[in-house]
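Chemist: Only the shape, not the letters, is given here:
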């Protein structure tokens, strides 16, 4: 295996200067919603996770940033394979098992290059004083490509790990049950296949996906996913075990026997939806090309932009009183402002939480 460390290999003290803490001043968005900048100068951030009072953010360039109290600390990840430089690739998803505080071991999804081919793998990563390091491989050889790497990971209410994979720019693979591309996968936290998966000895939970990048559970532990459409017709799907969501055979309002249509889609507009979260009856999802944080009401089956003046938004995570978001203007597709990218907090008024 080729050893590959994250691009940022400075010591912890100098790393603190590169992902800076902002004074938590409150500003209003164009929609009159409060926002607080928590951290800035993030490098292509991808996923937010919370462990107790600490926030962890993965960066596609190969580092994990920890935000705690008044400190922002970036640590590189020591990978066992060369981190891919393909579009939409890099260090993507993060997940933290309940025993993280005892083991210092989390789960990561990253893209790598091997002998001219591109793949993704799901690994355990251990935090040390100076860095993170790849510890073990849970799942390997997820197809990678020029685009559509997937990469969202979430631990569900059933304590299983759910993983989104893109079609790796090979649409037909989404319908191929022998391929891990274009799927939502489900695994035990030790990397084994759950006994109650739709097919025996298969990680595939659902298929026919183009490039899903958001997962969240709503009322009744019902799973929903965001998915990038083909130039438009971005989707929100209600995910059921074993279902086929149609790509590349159908999209938007198109129908075909045995294939599921989305709950809602963007039509001729483009959301480019990414991370998603659930808070008091509503889903909130990040919008990249649509440059917004959007709200989806599953009862009314409607969506609306609630913040649209921060540029591209990559991920969103809820706590009891509001939402954390990360902007994604430094990935080569946005127009970064000074101090981009940023971690922000948006308090949601109580009267809006229970509407």
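Modeler: Everything's here; your move. Please read all numbers here as calculations on a predicted model, not as lab measurements.
Chemist: can you give me the helices for the stretch 151-300 of the chain?
Modeler: Ranges of helices in the stretch 151-300 of the chain, per DSSP state H, counting those that start in this stretch: none exist.
Chemist: residue ranges of the strands in it, please?
Modeler: For the stretch 151-300 of the chain, applying DSSP state E, counting those that start in this stretch gives strands covering 153-155, 161-164, 183-187, 204-207, 212-217, 223-227, 235-239, 264-265, 273-279, 282-287, 292-297.
Chemist: could you dump these to a markdown table with mean neighbour count and distance to residue 108?
Modeler: To be clear about C-beta, it is placed using only N, CA and C from the backbone, and glycine gets the same treatment. Shown next, in a markdown table, are the strands of the stretch 151-300 of the chain (neighbours: other Cβ atoms under 10 Å; distance: least, Cβ to Cβ, whole Å):
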| stretch | mean neighbour count | distance to residue 108 |
| --- | --- | --- |
| strand 153-155 | 21 | 8 |
| strand 161-164 | 26 | 11 |
| strand 183-187 | 25 | 14 |
| strand 204-207 | 24 | 20 |
| strand 212-217 | 26 | 16 |
| strand 223-227 | 25 | 20 |
| strand 235-239 | 22 | 22 |
| strand 264-265 | 18 | 31 |
| strand 273-279 | 24 | 16 |
| strand 282-287 | 26 | 19 |
| strand 292-297 | 22 | 25 |
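Chemist: Reformat those as CSV; add distance to residue 68 and mean pLDDT.
Modeler: As requested, those are exported to CSV (distance: least, Cβ to Cβ, whole Å; pLDDT from 0 to 100):
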stretch, distance to residue 68, mean pLDDT
strand 153-155, 21, 98
strand 161-164, 25, 98
strand 183-187, 29, 98
strand 204-207, 33, 98
strand 212-217, 24, 98
strand 223-227, 29, 98
strand 235-239, 33, 98
strand 264-265, 37, 98
strand 273-279, 20, 98
strand 282-287, 23, 98
strand 292-297, 24, 97
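Chemist: okay, those strands in TSV with distance to residue 71 next?
Modeler: Output for the strands of the stretch 151-300 of the chain, formatted as TSV (distance: least, Cβ to Cβ, whole Å):
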stretch	distance to residue 71
strand 153-155	25
strand 161-164	29
strand 183-187	33
strand 204-207	38
strand 212-217	29
strand 223-227	32
strand 235-239	36
strand 264-265	40
strand 273-279	24
strand 282-287	25
strand 292-297	26
